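[1] I would like the atomic coordinates for the input below:
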Amino acid sequence: MAQLMLPQSVCLCVLLKRRLSLRLCHLICSKESTKTLNFSSCRPFGTIPVTEDGDYILFESRAIMRYYAEKYKSQGTDLLGKTIEERGQVENWLEVEAHSYNPPIYTLALQFLLFPKLGFPRDENLIKESEEKLAKVLDVYEEKLSKSKYLAGDFFSLADLSHLPFTQYLVSKMGKEYMIRSRKHVSAWWDDISSRPSWQKVLQLYPSPF
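    The predicted model follows:
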């Protein structure tokens with residue numbers, strides 16, 4: 001089955017920006033294989049990604065990327081902010097991504113990319129509704145990015161990095177690039193964050209199945 005490039009690619013991007021060595025384990029995912037005995041103890045919900053750092057285990061994408069960004073913040077780019085105020089802004093925009101940006105763009109990815117692969121019809125009403133929701137979020141981003149280079153301020157952070165996977169689909173696979181390009185500051189922001197070597201390396205490691 002084709003798999004969406006879920007936020008595990010963001011976790012990998014964080015690791016690459018930290019210049020850490022890592023071992024990737026690729027799983028063929030099905031209801032049965034994602035709940036095998038070997039992995040059920042560290043993935044109680046039977047989902048991926050999961051990371052093991054020695055005896056320490058995490059199984060949620062956003063928790064994983066925060067963990068590695070914090071643990072290795074002295075290596076590579078500081079993705080969390082240098083002050084408590086900057087960290088607050090990073091966390092604020094991570095919440096925006098999780099609760100306002102991700103839901104409509106994820107729905108669009110399902111409708112345009114995964115459902116056709118599975119032979120399911122598109123829901124045009126849901127597509128229209130999701131596009132409208134995403135457009136409103138992008139309008140807020142346009143206003144924010146007219147005042148600072150990145151979402152949390154004038155420094156690149158996890159808040160920007162977390163937008164990479166599904167926005168990549170939006171501009172390259174869904175035919176919705178205009179939603180980014182029609183907004184001057186969002187467009188410049190996207191060109192900046194998507195051209196970074198760590199993300200380009202992720203795209204090489206995880207070529208799109210669509």
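[2] Buried by neighbour count: which residues of the helix or strand residue 108 falls within qualify?
    According to DSSP states H and E, residue 108 maps onto helix 102-109. For helix 102-109, a neighbour-count test (16 or more other C-beta atoms under 10 Å) marks 102, 104, 105, 106, 107, 108, 109 as buried. C-betas here are computed from N, CA, C, even on glycine.
[3] Would you check which pair of these lies furthest apart?
    Of all pairs drawn from the buried residues of helix 102-109, the greatest distance, 10.8 Å, lies between 102 and 108 (C-beta to C-beta).
[4] The chain: helices as residue ranges?
    Using DSSP state H, the helices of the chain run over 8-17, 37-40, 61-71, 84-96, 102-109, 115-118, 124-145, 158-161, 164-172, 178-181, 184-194, 197-205.
[5] Could I get these in a markdown table, plus columns for distance to residue 55?
    Shown next, in a markdown table, are those (distance: least, C-beta to C-beta, whole Å):
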| stretch | distance to residue 55 |
| --- | --- |
| helix 8-17 | 19 |
| helix 37-40 | 16 |
| helix 61-71 | 14 |
| helix 84-96 | 27 |
| helix 102-109 | 31 |
| helix 115-118 | 38 |
| helix 124-145 | 39 |
| helix 158-161 | 25 |
| helix 164-172 | 29 |
| helix 178-181 | 42 |
| helix 184-194 | 34 |
| helix 197-205 | 26 |
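[6] State the pLDDT value of residue 207.
    At residue 207, the model reports a pLDDT of 76.
[7] Torsion angles phi and psi at it?
    phi -60, psi 140 (degrees, to the nearest 10).
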